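# Fold the stuff below for me.
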Amino acid sequence: MIETSSSMGQRFVIFMTFVVALVLATMPMSFWAAAIRPDWPLLVLLYWVIALPHRVSIGIAFILGISVDILIGSSFGIHAGAYALVSYSAARHYQRIRNFSLLQQSLLMAALVAVERIIVFLIEYYLNDAQFFGQYFWPVLSSAILWPWLFLILRKVRRRFQMI
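The predicted model follows:
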């Protein structure tokens, strides 16, 4: 099957949103700001999985997770597996999630980010004897708070580039 230029352009737009999310995830910040940093790559991934499940799948989630593992220096494959698991859940129920209000979606994103954080912590605990701190779940709250704005921005990008 031959790819059209608009299809390639749409893939490029999705790729660039992932690049921006990875930059935001690794941008240097003060200690307190880094502790509440939202999980940008996961939020962007979840938006695309819900909005365009036929273009962004679990394979893309796995690749994005590998990228996060490489960038932040965690054990190889931890984020990849967690992202794939969480994105599977979102892809499985994307039609329901689309009908939720932004408040309901924010609560769901908080739950999905919390699941991802728990999976990553448990694997890090068993592999590297990681220690648990209360601040570990602050990104769940910040991700839920920022979801409506991220959703509206990415929806505007999707409509601007006529991605269906």
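# Show me how far the least confident helix or strand in the chain by mean pLDDT is from its chain's centre.
In the chain, the helix or strand scored least confidently by mean pLDDT, DSSP states H and E is helix 31-35, which has a mean of 89. Here the centre of mass of C-alpha atoms in helix 31-35, compared against the chain's by C-alpha atoms, centre = their mean, to the nearest Å, lies 19 Å away.
# which residues are contacting the next helix-or-strand element following that helix?
If you walk from helix 31-35 toward the C-terminus, the next helix or strand you reach (DSSP states H and E) is helix 40-51. By C-beta atoms under 8 Å, 6 or more residues apart in numbering, the surrounding residues in contact with helix 40-51 are 14, 17-18, 20-22, 24-25, 55-57, 60-61, 64, 67-68, 83, 86-87, 90-91, 94, 97-98, 109, 112-113, 116, 143, 146-147, 150-151, 154-155, 158, 163. (Each C-beta comes from the backbone N, C-alpha and C, glycine too.)
# Tell me the gap between helix 40-51 and the middle of its chain.
Relative to its chain's centre, helix 40-51 lies at 5 Å (C-alpha atoms, centre = their mean).
# Likewise for stretch 53-66?
For stretch 53-66, the distance from its own C-alpha centre to the chain's C-alpha centre is 10 Å (C-alpha atoms, centre = their mean).
# can you check stretch 134-146 too?
If you compare the mean C-alpha spot of stretch 134-146 with that of the full chain, they lie 13 Å apart, counting by C-alpha atoms, centre = their mean.
# List the buried residues for it?
Judged by neighbour count using 16 or more other C-beta atoms under 10 Å, the buried positions of stretch 134-146 are 138, 139, 140, 142, 143, 144, 146.
# And stretch 53-69, by the same measure?
When burial is assessed from 16+ other C-beta under 10 Å, stretch 53-69 yields the following buried residues: 53, 56-58, 60-62, 64-69.
# out of the residues you listed, who's nearest residue 76?
Minimum separation from residue 76 among the buried residues of stretch 53-69 (C-beta to C-beta) is found for residue 69, which lies at 5.4 Å.
# Quick check: which element contains that closest one?
In this structure, residue 69 is located in helix 58-72 according to DSSP H and E.
# So for that helix, mean pLDDT?
Summarised as a single mean, pLDDT over helix 58-72 is 96.
# do the same with stretch 93-108
Regarding stretch 93-108, the rounded mean pLDDT is 97.
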